[in-house]
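Student: Give me coordinates for this.
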Amino acid sequence: MKIVYHPYGSGDNMYTNIILKGLRKRKFEIIPLSTFFSNYRDVKIIHLNWYENIASTLNFLNKTSKLIVFKILGKKIVWTMHNKEPHENRKPSLQKAFRNLLIFFSDAIIIHSLDSKKELSKKGKKTIDKTFYLPHPDYIDVYGQINEIPSVVSNKTNLNLVFVGLVRPYKNLELLIDCVNIFGDKVKLVIAGKPKDDAYANSIREKAESNANITLDLKFIEDKILIKYIQDADLVILPYKINSVLNSGTVILSFSYGRSVICPNIGTINDIDDKSAILNYSYSRESHHEKKLIDVIDSAVRLKGHSPEVFKTWGLQMKDYIIKYHDSDTVIDELAKLYHRIAK
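Tutor: Below you'll find the predicted structure:
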């Protein structure tokens, strides 16, 4: 079966590469959206990810016209819902209108967390009927294999935290720096990832420059270095803004490489029945986030002081969870079945 998958290659995000590799293994022929019109007779399905991001009025008109043409030509549209809304929403009214169009025109909507279904339920029964839950695929060995998970640093006086991923405003890094500053030498933090732009990178540097316990590596992080950062830490810390974030590939990545997380109760976290090996928390408004985050970091400091190897144990527990519930082959098998079902 020939399908369009967009984005065809995602550079900084391995998610797309995992899906495409798995689909090719199952004999799907995959082409980029840019070549659709030269292949439209043979294409059965158009699968869109992050397509709801609208940059301008022209962009809105262009994407809307493409959706209409896809349907006129009889193509099946699959949309994966990754977030409540785009993280950097430059055209809120147009984005909302286009998202509604995308929901309407889609023949199937894939979600990676059950909280997404709650969001979509506001659109009515027809939307829910075409919604399908598939777990986010695991990242085990995707960034390189490891023979064993090394012990985390056993120094009782330091909690070692790391943030990895794209460095963006919606990830609350300024708030994280403020919270870590309170703990002095008790907490060490590494922030590693590619910034939105030079201006944002400079603002993070200025924020962190007074704390010698914060290390910044603000660039694209090579695979081996990324995994080393995760494995050298006690916990991966991800203080997301919950008004836009539903799913986190970085949570899945951390678990896949044997580390647990500090994270708000976004959809990825809420799907976990046994949360005994993670440090999760809730907040209702951004103004309450700082106190909640300080409290949970303090809990982590005390837990490590009491049992220096506790987070190694937690990480292994969460890796077992990922193996059981997020196996990539199982996820892509289910995706392939969905394609065949809607293409009939």
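
Student: Where does pLDDT dip in this structure?
Tutor: 10-12, 86-89, 146-157 (pLDDT under 70).

Student: okay, now D273: neighbour count?
Tutor: Taking other CB atoms under 10 Å as the neighbour definition, D273 ends up with a count of 7. Any C-beta I mention is one placed from the backbone N, CA and C, and that applies to glycine too.

Student: ugh, typo on my part, it should be G144
Tutor: Under the criterion other CB under 10 Å, the count of neighbours that G144 has is 12.

Student: now it: how far from L176?
Tutor: Between G144 and L176 the distance, using CB to CB, to the nearest Å, works out to 27 Å.

Student: repeat for P264
Tutor: P264 sits 12 Å away from L176 when distances are taken as CB to CB.

Student: Just the terminal-to-terminal distance for stretch 35-43.
Tutor: For stretch 35-43, the first-to-last residue distance is 10 Å (CA to CA, to the nearest Å).

Student: Show me which residues of that stretch are buried.
Tutor: Taking 16 or more other CB atoms under 10 Å as the basis for neighbour counts, the residues of stretch 35-43 that come out buried are F36, Y40, V43.

Student: Check stretch 103-117 too.
Tutor: By neighbour count on 16+ other CB under 10 Å, the buried set for stretch 103-117 is I103, S106, D107, A108, I109, I110, I111, H112, S113, D115, S116, K117.

Student: bridging residues for the fourth one?
Tutor: According to DSSP bridges, V78 are recorded as the beta-bridge partners of A108.

Student: What residues does it make contact with?
Tutor: Listed by CB atoms under 8 Å, 6 or more residues apart in numbering, the contact set of A108 reads K76, I77, V78, W79, K130, T131, F132, L338, I342.

Student: Am I right that the last one falls within a strand?
Tutor: No: I342 sits outside any strand when classified using DSSP: H, G, I helix; E, B strand; the rest coil, being helix.

Student: what about Y229, distance to A199?
Tutor: Relative to A199, Y229 is positioned 24 Å away (criterion: CB to CB).

Student: So between these two, which is more surrounded?
Tutor: Neighbour count, other CB under 10 Å: between Y229 and A199, Y229 has more, with 21 against 8.
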